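Undergrad: Generate coordinates for the sequence data below:
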Amino acid sequence: MSVRIGTRGSALALTQSQQTADLLAAVGGFSTELVRIRTEGDVKTGSLASLGGTGVFVAALREALLADRCDVAIHSLKDLPTTGEPGLSVAAIPVRADARDVLCARDGLTLDRLPAGSKIGTGSPRRAAQLRALRPDLEVLDIRGNVDTRLGRVPGLPGNAPDAPGDLDAVVLAAAGLARLGRTEVVTEYFEPDTMLPAPGQGALAVECRLGDAPERPAHGGAATAEGVLAQALAAIDDADTRLAVTAERALLARLEAGCAAPVGAFARRKGSMLHLDAIVCAVDGTKSLRLARATDGLTEVGATLLGVELAEQLLEQGAAEFADLGA
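TA: Predicted structure coming up:
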């Protein structure tokens, strides 16, 4: 038996898809092959917000799944729309990697040591808004490109090509992506969630498949049931605590009707018998923000969903939609 793994073609996507494929193969006892799928986000240029944000890296992979050109698809969970796709299931969410954002700056600088007027690049409105709030004296620029392209815009970073442009003082990226690529030596500062909240789902991967191949997972808790070798392997690599955390984060995003390009940060984690969720909504220019936290002892997908919805309602009640571009 061979399982076809649908993936984008970037170095990061191929790396994380191969790592997940190896995990599935190890528990399932089958072989795997990667199937490269070109997505709209890989073809078009321009900012993530101008491309519509949500779904630009996902739709083609989902089409390939439904057309039986692959058996599973690997997504960065933060790119996955909060609305499901008929006929498909997010069958596994493996253990989450480091969810933090990181600074990669010239000369080993941290954010507070960057000189006024320094140029810092990011393709994320969420990161840009929080950076502007933290350091309004910096020039935050919108950038696109893969990890190597972005890192190449900062002079002197380890591993940069000799002809890299080096036209920025720093860029902000996800810690998880750099770790998966083995490039953490470029990090000059890790942003703790107290300083910068990550995107909902950041650091986590989603393994999507057709409904007929998915394990059945009770929303009210309990072990997943699976028939078939692929379904059993998917159930085995799913991490319950990661699924609870990202369920809460994505429920908040869905209630706010905010896409993956919106200036919304959220981070949930289980501590003992409680699931804690922190969230922030920002004005794009960084001049206004609202950050709230909430917790629940309902350690089921239903409980996590309610936690996200209730915190979103609090944000809306306190005026988040008045300064942020939300659909709620």
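Undergrad: what mean pLDDT would you report for the helix or strand containing residue 248?
TA: Secondary structure assigned from DSSP states H and E places residue 248 in helix 240-256. When pLDDT is averaged along helix 240-256, the result is 97.
Undergrad: same deal with stretch 291-303?
TA: Stretch 291-303 shows a mean pLDDT of 97.
Undergrad: Quick check: end-to-end length of it?
TA: The stretch stretch 291-303 measures 21 Å between its terminal residues, going by CA to CA, to the nearest Å.
Undergrad: Can you mark which positions in that stretch are buried?
TA: Along stretch 291-303, these residues count as buried under the neighbour rule (16 or more other CB atoms under 10 Å): 292, 294, 296, 298, 299, 300, 301, 303. Bear in mind the C-beta positions are built from the backbone N, C-alpha and C, glycine included.
Undergrad: can you check stretch 274-281 too?
TA: Taking 16+ other CB under 10 Å as the neighbour-count basis, stretch 274-281 is seen to contain the buried residues 275, 276, 277, 278, 279, 280, 281.
Undergrad: The fourth one and residue 291 touch, don't they?
TA: Right, the one you point to is residue 278. Yes. Residue 278 sits in contact with residue 291 when judged by CB atoms under 8 Å, with a separation of 7.0 Å.
Undergrad: Mutual contacts of these two, please.
TA: Residues within reach of residue 278 and of residue 291 at once, by CB atoms under 8 Å, 6 or more residues apart in numbering, are residue 197.
Undergrad: helices and strands of this protein: which one bottoms out on pLDDT?
TA: Comparing helices and strands within the chain by mean pLDDT, DSSP states H and E singles out helix 40-43 as the least confident, with a mean of 56.
Undergrad: And the following helix or strand past that helix, what does it pack against?
TA: Past helix 40-43, heading to the C-terminal end, the next element that is a helix or strand (DSSP H and E) is helix 59-66. In this structure, helix 59-66 makes packing contacts with strand 2-7, strand 72-76, strand 88-92, strand 205-210, judged by 3 or more CB pairs under 8 Å, 6 or more residues apart in numbering; DSSP states H and E.
Undergrad: any chance of the buried residues of stretch 274-281 in a markdown table, with secondary structure too?
TA: Conversion of the buried residues of stretch 274-281 to a markdown table gives the following (DSSP: H, G, I helix; E, B strand; the rest coil):
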| residue | secondary structure |
| --- | --- |
| 275 | strand |
| 276 | strand |
| 277 | strand |
| 278 | strand |
| 279 | strand |
| 280 | strand |
| 281 | strand |
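Undergrad: What is the nearest of these to residue 255?
TA: Proximity to residue 255 was ranked across those by CB to CB; first place goes to residue 279, at 10.5 Å.
Undergrad: That closest one reaches residue 258, doesn't it?
TA: No. With contacts counted by CB under 8 Å, residue 279 stays clear of residue 258, the gap being 10.4 Å.
Undergrad: Between these two, which contacts overlap?
TA: Between them, residue 279 and residue 258 share the neighbouring residues residue 264, with contact defined by CB under 8 Å, 6+ apart.
Undergrad: what's the neighbour count on residue 319?
TA: Residue 319 has 12 neighbouring residues, counting by other CB atoms under 10 Å.
Undergrad: Next, the contact list for it, please.
TA: So residue 319 contacts residue 290 (CB under 8 Å, 6+ apart).
Undergrad: Low-confidence regions, the chain specifically.
TA: Regions of the chain meeting the criterion pLDDT under 70 cover residues 40-55, 226, 259-261, 327-328.
Undergrad: what about residue 325, is that helix, strand or coil?
TA: When states are read from three-state DSSP, the local structure at residue 325 comes out as coil.
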